[in-house]
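Asks: Structure for the following, please:
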Amino acid sequence: MTTLKTDLPVIELVSPVFVDTSVLIQSEDGAFPERRERVMRWLRVLWQQRLGRVSSQVLNEFYRTITSRIQPPMPNGDARAEVRRYQRWSPWAIDHATVESAWSLESRFNLPYADALIVAAAKVQGCELLLSLTLPHQQLLDSVTILNPLLAVPKDTAASSSERSA
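Replies: Residues are numbered from 1 along each chain as shown. Okay, here's the model as predicted:
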């Protein structure tokens, strides 16, 4: 791990990265431009390296939230286009095995069920990292580490930065 002058850890991406609903919502919410740009930096690298992963649950929550809970709400047609774009990340469809795994995670780590489903979907897709603005940063849940995208920088972005320290 390298650090930038901003003291943010630089994360090398070596496997798929699961993206939580909170991160996708922040990418569309202009209320906090600096937060949005940090999230967008992660999403750009995930698109470039084809390492982004989501689940059907994440995309459904994303659509519902950006069309009704952020101000101003995104028009339905635009929101559908965004969901279609993230369909390229082959969203995991929640099945019985994923539910069983989520129940186990819910019990062992005292997680809310919706969060446990997200972690279970990340696990089944082989994701070692789960980007989230709501789950505890750096918490390890079985084989998945939670990473707040505001508290770290993906390596490809940092490597091209002129701020890289020696």
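
Asks: need the helices for the protein, in chain order.
Replies: Along the chain, the segments classed as helices by DSSP state H run 21-28, 33-49, 56-68, 76-86, 96-109, 113-124, 155-159.

Asks: and of those helices, who's closest to residue 146?
Replies: helix 113-124 (8.4 Å; Cβ to Cβ). For the C-beta atoms, the positions are set from N, CA and C on the backbone; glycine is no exception.

Asks: Next, the contact list for the residue lying closest to residue 18 once chain neighbours are set aside, please.
Replies: Spatial nearest neighbour of residue 18, excluding adjacent residues (Cβ to Cβ, 6 or more residues apart in numbering): residue 122 at 3.5 Å. Taking Cβ atoms under 8 Å, 6 or more residues apart in numbering, we find residue 122 in contact with 18, 53, 130, 144.

Asks: Please list only the buried members of the residues you listed.
Replies: Using 16 or more other Cβ atoms under 10 Å as the burial test, these include 18, 53, 130, 144 as buried.

Asks: and the residue nearest to residue 18, how far is that from residue 67?
Replies: Residue 122 sits 25 Å away from residue 67, going by Cβ to Cβ, to the nearest Å.

Asks: for residue 105, same thing?
Replies: Distance of residue 105 to residue 67, computed by Cβ to Cβ: 29 Å.

Asks: With distance to residue 140 and mean pLDDT as added columns, please give the helices of the chain in TSV.
Replies: Converted to TSV, those look like this (distance: least, Cβ to Cβ, whole Å; pLDDT from 0 to 100):
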stretch	distance to residue 140	mean pLDDT
helix 21-28	19	96
helix 33-49	19	96
helix 56-68	20	97
helix 76-86	26	97
helix 96-109	10	98
helix 113-124	11	98
helix 155-159	20	63
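
Asks: would you turn these into TSV with distance to residue 138?
Replies: Shown next, in TSV, are the helices of the chain (distance: least, Cβ to Cβ, whole Å):
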stretch	distance to residue 138
helix 21-28	16
helix 33-49	16
helix 56-68	21
helix 76-86	25
helix 96-109	14
helix 113-124	14
helix 155-159	17
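
Asks: my read: residue 9 touches residue 150, true?
Replies: No - counting by Cβ atoms under 8 Å, residue 150 is not a contact partner of residue 9; they are 11.8 Å apart.
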